[in-house]
Structure formats: C-alpha cells, structure tokens
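Chemist: For reference, the sequence and a predicted model appear below.
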Amino acid sequence: MSVAEIVKPVDAASPVERLHTLVAADMEAADRLIHQRMASAVRLIPELAQHLIDSGGKRLRPLLTLAGAQMAGYRGDGHQKLAAAVEFIHTATLLHDDVVDESDMRRGKKSANVIWGNKPSVLVGDFLLSRAFQLMLETGDLAVLGILANASAVIAEGEVLQLRSANNLATTEEHYLQVVSAKTAALVAAAAEAGPALAKRERDFVSALHDYGMNLGIAFQLVDDALDYSGRQAVMGKSVGDDFREAKMTLPVILAYQRADEQGRAFWKRVIESGTQSGDDLNHAISLVEQTGAIRETLRRAHGYANAACKAIEKLPKSDIHDALVAVAEFCVERAY
C-alpha cells in the first residue's frame, strides 16, 4: 500500500480548524500583532515577510500557545504576544531553511529566496527573530523568554546537524530523530508549554504540554518526510522529491537503504552519497521506499508519537481545548502537510 492510500487529505473541518475556532478571538488579536510588528520603514521587510506569513500556513504553533494558555486559565494578553512571537520564530526558520536547502517552493508558492534572493531572505528572517524577542520581553516573564530562547538555539543546532548528515548513508535513526527533535519538535513543544508557563501553572502541567508538543512535532515531521516520496505535491505545497534532490537522510531513506538488496544499495549510493541523479531516479526512489516498507514503517512510528502526545495530556483537566488537542494529534498522521 502506498502512502497516498494511507494518508488522507485535509478536510474543511479538520481538528486544527476546530482548535482555531476555540481560540478565535485570541488568534485574531495575535494576527493583528503579527501584521503590526512586521511593519518597518524598510519597505522590503514587510513585503518579504508578508509573502510567507500570509501564504496559507495553519498557524499551528501559535494556536498551541493560545490553547495552552486557555487550558491553564491564564488571564491577560501576554499569551497573544507569545503566539505572535512563536509565529515570527517559525517564519524566520522557514526563511533561513529555504536558503540553506536552496528550495524554490514554499506552501505552493515561489519561496522568498527565489523572488528576492538569499541575502534579503536571511536578513528578514533575522528581523523577525528580533521582533519575536521584543514581544517576549513585553510579557515581562523571564521563564517564558528562556523557554522560547532555548528553542531558538536548539533549532539552529538542528540545522547544523542536518547539514552534517546530508549525503551520508551511514546516518543512523538516532541521529535522524535528534535532527527532527531539534529542527521541528523543539518549537512545537515550546509553543505548547509557553501558555501554562506564563500562567504560572505547576511543573507537571507545563511538562505535560511540553511532552505533548514534542511528540506531536516528531509525528508531524515523520509524516512530512514520508509524503516527500508520495507524489502528493498538491497537498504538500512543495515539489515532490525535494528531500531526495537535496540528498537529505530522512527516515524513509534510512530504512529503505537498510532493507535494500545489493542493487538497491548501489542506487542509493549513487543518488545520495554521490549526488548523481537523472531521469527517472525519483520515481525509482519512490518505488524502493514503498517496496521495502519504509513508508509504512515511517507512518507506523508517526502513529506511535501521536499516541504518545495524547498520553502526555491524558491527566490534564478535560475540556473542549483538551479534546481538540487530542484530535489534532490523532489527525496529524492522517493528513498531508
């Protein structure tokens, strides 16, 4: 069975949309802050930032910040500032990531680095990071500042770790998970725990949402990496095979290489280690990851992390927000990002 048969498309009433409805007023306030704070007298900055910020992302990370704050009983507007800060951090990492990966598509549109170039993309990303820290400081909460500052540092470390594993078929599953935990899951975890941390909830409450976000983020990335070999370009919002062309060692490739016969291993050595790709190589790679069961195994593990996310918050007080978070985790492995 192919990933296209396993992963279902997003529907209009997805759990993310339902979560958005539950925090709609706060999300509208956070969105206003996002657009106000990306303003600059340097015209290129808001122009480039808006290209990505308004390009159709689901705002999952700021939604988690707002949902966590609501679950924790927070009163005030600091969570709205944190949600905007989280979105700025995420947007900055995407701008930087597209430069590093030399990507030409993001969310179904030409990436900022293709339109404006690498230097403006990096510098606008730096501007957004600065804005994020300004917003965090305005909450006056050093503990929350520490959570998001640490996540920002970990993301940068993850980028470097991934660079070191490119073209390297000796990359282990453990190294891959270290990269995923740093590049993707760290910010999701920080976003989820920031709200209850701001509300000064007890350690167990904050830790539960941190663990929820960490497991959700890993599940999210596992599915994304599986979909890169699925042929589902329309729902991914990027070119099929981006990871393949960039010789990234994602879990589907790691598993496919481990399980390959001599001929299969020779193929992976040519296209990944040597970077010699041509003609029908992508289609053959897609065939190999499906034939070896690498896609199915990647998605099985994604289900495991989604289940762990649900378990992490099972002892928290039940509410509509709680139910929505459980539904988001369960759904993340059934939809394409």
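Modeler: Everything's here; your move. Residues are numbered from 1 along each chain as shown.

Chemist: got the contact list for residue 80?
Modeler: Residues near residue 80 by CB atoms under 8 Å, 6 or more residues apart in numbering: 26, 29, 30, 33, 66. For every residue, glycine as well, the C-beta is placed using N, CA and C.

Chemist: Sketch out the low-pLDDT regions of the stretch 201-337 of the chain for me.
Modeler: The stretch 201-337 of the chain contains residues with pLDDT under 70 at 231-239, 335-337.

Chemist: Buried ones in the host helix or strand of residue 213, by neighbour count?
Modeler: Take DSSP states H and E as the rule and residue 213 turns out to sit in helix 203-227. By 16 or more other CB atoms under 10 Å, the buried positions in helix 203-227 come out as 205-206, 208-227.

Chemist: And residue 198, how far from residue 153?
Modeler: 20 Å (CB to CB, to the nearest Å).

Chemist: More neighbours: the two, which one.
Modeler: Set side by side, residue 198 and residue 153 show more neighbours around residue 198, with 25 against 12, by other CB atoms under 10 Å.

Chemist: The more buried one against residue 83, yeah?
Modeler: No: look at residue 198 against residue 83 with CB atoms under 8 Å: they stay out of range, at 10.7 Å.

Chemist: now stretch 201-221, how far from the centre of its chain.
Modeler: 14 Å (CA atoms, centre = their mean, to the nearest Å).

Chemist: How about residues contacting that stretch?
Modeler: Counting by CB under 8 Å, 6+ apart, 64, 68, 71-73, 177, 180-181, 183-193, 195-197, 302-303, 305-306, 308-310, 312-313, 315-316, 325, 328-329, 332-333, 337 sit against stretch 201-221.

Chemist: and residue 249, which of the three is it?
Modeler: Using DSSP: H, G, I helix; E, B strand; the rest coil, the structure places residue 249 in coil.

Chemist: contacting residues around it?
Modeler: 165, 166, 167, 168, 169, 171, 176, 272.

Chemist: Beyond the helix or strand where residue 87 lies, next helix or strand please.
Modeler: Element membership for residue 87 (DSSP H and E) is helix 78-101. Sequence order places strand 105-106 as the next helix or strand after helix 78-101, per DSSP H and E.

Chemist: Show me the strands paired with the helix or strand that that next one is followed by, marking each as parallel or antiparallel.
Modeler: Beyond strand 105-106 in the direction of the C-terminus, DSSP H and E gives the next helix or strand as strand 109-110. Using DSSP bridges, the strands paired with strand 109-110 are strand 105-106 (antiparallel).

Chemist: Off-centre distance for the partner strand?
Modeler: Distance, centroid of strand 105-106 to centroid of chain: 14 Å (CA atoms, centre = their mean).

Chemist: can you give me the helices in the stretch 101-250 of the chain?
Modeler: Secondary structure of the stretch 101-250 of the chain (DSSP state H, counting those that start in this stretch): helices at 112-116, 118-138, 142-165, 173-180, 186-198, 203-227, 233-236, 242-245.

Chemist: Okay, buried residues for the second one please.
Modeler: Put plainly, it is helix 118-138. In helix 118-138, counting by 16+ other CB under 10 Å, buried: 118, 120-125, 127-129, 131-133, 135-136.

Chemist: and the angle from that helix to helix 78-101?
Modeler: 160 degrees (axes from the mean of the first three to the mean of the last three CA atoms, to 10 degrees).

Chemist: Run through who's touching helix 118-138.
Modeler: Against helix 118-138 from outside (CB under 8 Å, 6+ apart): 33, 37-38, 40, 44-45, 48-49, 78, 81-82, 84-86, 88-89, 91-93, 95-96, 98-99, 111-113, 144-145, 148-149, 152.

Chemist: likewise stretch 268-281?
Modeler: 167-169, 244-245, 247, 249, 253, 256-257, 260, 267, 285, 288.

Chemist: so how far does that stretch reach from one end to the other?
Modeler: 10 Å (CA to CA, to the nearest Å).

Chemist: Next, report how far it is displaced from the centre of its chain.
Modeler: 27 Å.

Chemist: got it, and stretch 307-323?
Modeler: 21 Å.

Chemist: quick one: buried residues of stretch 35-54?
Modeler: Buried residues in stretch 35-54 (16+ other CB under 10 Å): 37, 38, 45, 46, 47, 48, 49, 51, 52, 53.

Chemist: Stretch 259-274 too?
Modeler: Counting neighbours by 16+ other CB under 10 Å, stretch 259-274 gives 259, 260, 264, 267, 268, 271, 272 as buried.

Chemist: Report the separation between the fifth one and residue 34.
Modeler: Read that as residue 268. In terms of CB to CB, residue 268 sits 42 Å off from residue 34.

Chemist: And the last one, by the same measure?
Modeler: To residue 34, residue 272 is 38 Å away according to CB to CB.
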